[in-house]
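Novice: With the sequence up front, the predicted model follows.
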Amino acid sequence: MDEKIRHILEILENDARTSPEEIASLTDMSAQEVSQTIAKLEETGVIRHYKTIVDWDLVGENYVYAVIELKVTLERNQGYQAIAERIYKFPEVRSVRLLSGNYDISLTVRGKSMKDVAFFVAEKIATLDQVQSTSTHFVLKTYKEDGVILHEPETITRLPVSF
Amino acid sequence: MRPPCDPSKFVADAVKNIPPSGIRRFFDLVSGLEDIVSLGVGEPDFITPWHIREMCIHSLEKGQTSYTSNYGLPDLRDELTRTYYSRYGLDYDPSSEILITTGVSEALDIAVRTVVNPGDEVIIVQPSYVAYVPSVVLAGGKPVIVSTHRDDDFSLTAEALKPAITNKTKAIILNFPNNPTGAIMTQEDLEGIADLVVENDLFVISDEVYECLTYGSKHVPFSSLEGMKERTVMLNGFSKAYAMTGLRLGFAMGSPEIIHSMMMIHQYSMLCAPITAQIGAIEALRNGKDEMERMVREYDRRRHFIVRGFNRIGLDCCNPRGAFYAFPYIGNTGLSSSEFAERLLDEKKVVTIPGDVFGEAGEGFLRCAYAASIDDIRKALDRMGDFVDGLKL
């Protein structure tokens, strides 16, 4: 990978709001060059999306999250892709992953209440033909989300002057 | 009643004669000030990577708190051998050519004491880290200063070195990548120095603690040059590359004769480096490459940011190619380095280190560490810009 592209991606992955001008001064490029490179990265799908990690608890929006493990049976001519697509189209579903091990697919689901989530799983997921069994784990607390620690990050104390 | 006594009379002359470090005054000036932004810190602003800390904690839980071999843990020396072989093809025998020390500071002290006889001249290239001159003086040697210059990007040239060599010269202390200038030396630059070293039968103490922090080109250890391994002791450590400053861990690599002699001092003055830090260092070498490279890329971005910033506010700054220091020129403001730094601190609450602290050749420059967050660097640059504008009025 080109070193400049790596720098741009690392900067944006850390803070998607960093302006082209600022990225330019961090990478010794011109702002125009940065904008063009980012446009290309967006076009080619390297950059998929920009989003914000929100701590909804702090504004009193007490979303309930659950991790759902699914065991599925595959049908003729239909791979995991087909079942994943059926599932990820529900807006309640925040992530879908195919896993190795004891179960096949792991989902993260978000709802307004435990009841919400439970009904969603019971009515929309468990009832799918390919789904053999579900196991629902409610999230009690999130400490770190997508690389971001949601509480006090560690700080370093250094002497203000040293050689 | 026994008579009162002034204990200072017991302090040896050699210690009394150590010149006061310019930094003390700065400490006093800084303490008590609020809202300061510091570019004066000579250590990473990253916390030691968690996998390293976790390994240290685990070792304490297991009760690994004993002495180690004087030379250091065999596993650590093995890892160092492997690391330097894979990085540079260097071949150091872990059983006789590596000594683990308490920081590079200790390694420097005992390396100097190992090779310097009273009256020997030791060439010190300045601007450079502040410990070299006192170490030579305390060993009874005579420091001979060779200056590097902005026109050469602060790298050492054979032409500059040659006139400083006399028949009393015993050794040269090199420090590249350099603190405070950020200068590095290419293989070609070093070859010229190596020729002089052989011609004049000299020894080289090479402090390469910023080895891993280079941008755009790979570090060249002095000992990797043909015929230089026996003539060099490489001093290095974990502080800068792995953000482990307070854990105090360094090492020396050299010929069995030199390393054994250094160990003779080390065994009585230090016995061994702290075992917890040694265990952390093994983990750093085994699994720390990705984190270290991530930190280097982060420094690289800050480097671009600060150099561009200095040039924008009218402080001419060449591109440092190693370490994490920028060394802007402030000579055209009409202020000396220390006047500039003190007024900047007083008026704008920005901490920088006056270049002359690192030797006379640093006069006219400021050392500004970019091991600080982008927000702090931006704040410092804004304030410095205001300060420089104010000087023009």
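Specialist: Perfect, thanks for sending it. Numbers count the residues shown, from 1 in each chain, chains lettered A, B, ... in the order given.
Novice: hang on, B:Val144 in a strand?
Specialist: Yes. Under DSSP: H, G, I helix; E, B strand; the rest coil, B:Val144 sits within a strand.
Novice: Neighbours of it, how many?
Specialist: Residues near B:Val144, counting by other CB atoms under 10 Å in any protein chain shown, number 16. Where C-beta positions appear, they are placed from N, C-alpha and C, glycine not excepted.
Novice: Could you do B:Ile36 as well?
Specialist: Neighbour tally, B:Ile36, other CB under 10 Å: 19.
Novice: show me what contacts it?
Specialist: By CB atoms under 8 Å, 6 or more residues apart in numbering or on different chains, the residues touching B:Ile36 are A:Pro160, B:Val30, B:Leu345, B:Lys349, B:Val350, B:Val351.
Novice: mind running it again at 6 Å?
Specialist: The contact partners of B:Ile36, by CB atoms under 6 Å, 6 or more residues apart in numbering or on different chains, come to B:Lys349, B:Val351.
Novice: same deal with A:Tyr103?
Specialist: A:Glu69, A:Lys71.
Novice: Now do the same contact list for whatever residue of chain A ends up closest to chain B.
Specialist: Nearest residue of chain A to chain B: A:Leu26, at 3.9 Å (CB to the nearest CB). Neighbouring residues of A:Leu26 by CB under 6 Å, 6+ apart: B:Arg301, B:His304, B:Phe305.
Novice: Next: B:Lys168.
Specialist: B:Glu121 are the contacts of B:Lys168 under CB under 6 Å, 6+ apart.
Novice: List the residues that contact the residue nearest the centre of chain A.
Specialist: Computing the C-alpha centroid of chain A and ranking residues by CA atoms, centre = their mean puts A:Asp146 first, at 6.2 Å. If you count contacts by CB under 6 Å, 6+ apart, A:Asp146 has none.
Novice: if we go to 8 Å?
Specialist: A:Asp146 neighbours (CB under 8 Å, 6+ apart): A:Ile53.
Novice: one step back: the contacts of A:Leu26 also near chain A: which ones?
Specialist: B:Arg301, B:His304, B:Phe305 (CB under 8 Å from any CB of the partner chain).
Novice: host element of the second one?
Specialist: Using DSSP states H and E, B:His304 sits within helix B:289-312.
Novice: What are the boundaries of the helices in the chain?
Specialist: In the absence of a named chain, this looks at chain A. Ranges of helices in chain A, per DSSP state H, are A:3-14, A:20-27, A:31-43, A:80-88, A:114-120.
Novice: wrong chain, I was asking about chain B
Specialist: Counting by DSSP H, the helices of chain B are B:13-16, B:22-30, B:50-61, B:74-88, B:103-115, B:132-138, B:158-161, B:187-199, B:256-269, B:275-287, B:289-312, B:337-348, B:374-392.
Novice: Among the ones you listed, single out whichever gets nearest to A:Ile83.
Specialist: helix B:289-312 (34.8 Å; CB to CB).
Novice: so what are the domain limits for chain B?
Specialist: Using automatic domain parsing, the domain parsing of chain B gives B:7-47+B:290-392, B:50-288.
Novice: Just give me the lowest mean pLDDT stretch among those domains.
Specialist: When the domains of chain B are ranked by mean pLDDT, domain B:7-47+B:290-392 comes last with a mean of 93.
Novice: Start and end of it, how far apart?
Specialist: 50 Å (CA to CA, to the nearest Å).
Novice: Could you tell me which residues of the stretch 1-150 of chain B lie near chain A?
Specialist: Residues of the stretch 1-150 of chain B lying near chain A (CB under 8 Å from any CB): B:21, B:23, B:26-27, B:30, B:36, B:38, B:40-43, B:45-47, B:129-131.
Novice: okay if I get the domains of chain B as a markdown table plus distance to A:Lys89?
Specialist: Formatted as a markdown table, those follow (distance: least, CB to CB, whole Å):
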| stretch | distance to A:Lys89 |
| --- | --- |
| domain B:7-47+B:290-392 | 36 |
| domain B:50-288 | 38 |
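Novice: quick one on the thing from earlier: quick check: the residue nearest to the centre of chain A vs A:Ile47, distance?
Specialist: 15 Å (CB to CB, to the nearest Å).
Novice: Contacts only, for the closest residue to chain A within chain B.
Specialist: As assessed by CB to the nearest CB, chain A sits closest to B:Arg301 within chain B, at 3.9 Å. Residues in contact with B:Arg301 (CB under 8 Å, 6+ apart) are A:His7, A:Ile11, A:Leu26, A:Thr27, B:Ile374.
Novice: Only the buried subset of those residues, as a PyMOL command please.
Specialist: Selection of buried members from these for PyMOL, criterion 16 or more other CB atoms under 10 Å in any protein chain shown:
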select buried, (chain A and resi 7+11+26+27) or (chain B and resi 374)
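Novice: closest to B:Ser338 among the contacts of B:Arg301?
Specialist: B:Ile374 (27.6 Å).
Novice: Please report how far that closest one lies from B:Phe176.
Specialist: Using CB to CB, B:Ile374 is found at 27 Å from B:Phe176.
Novice: Kind regards, and thank you for your time.
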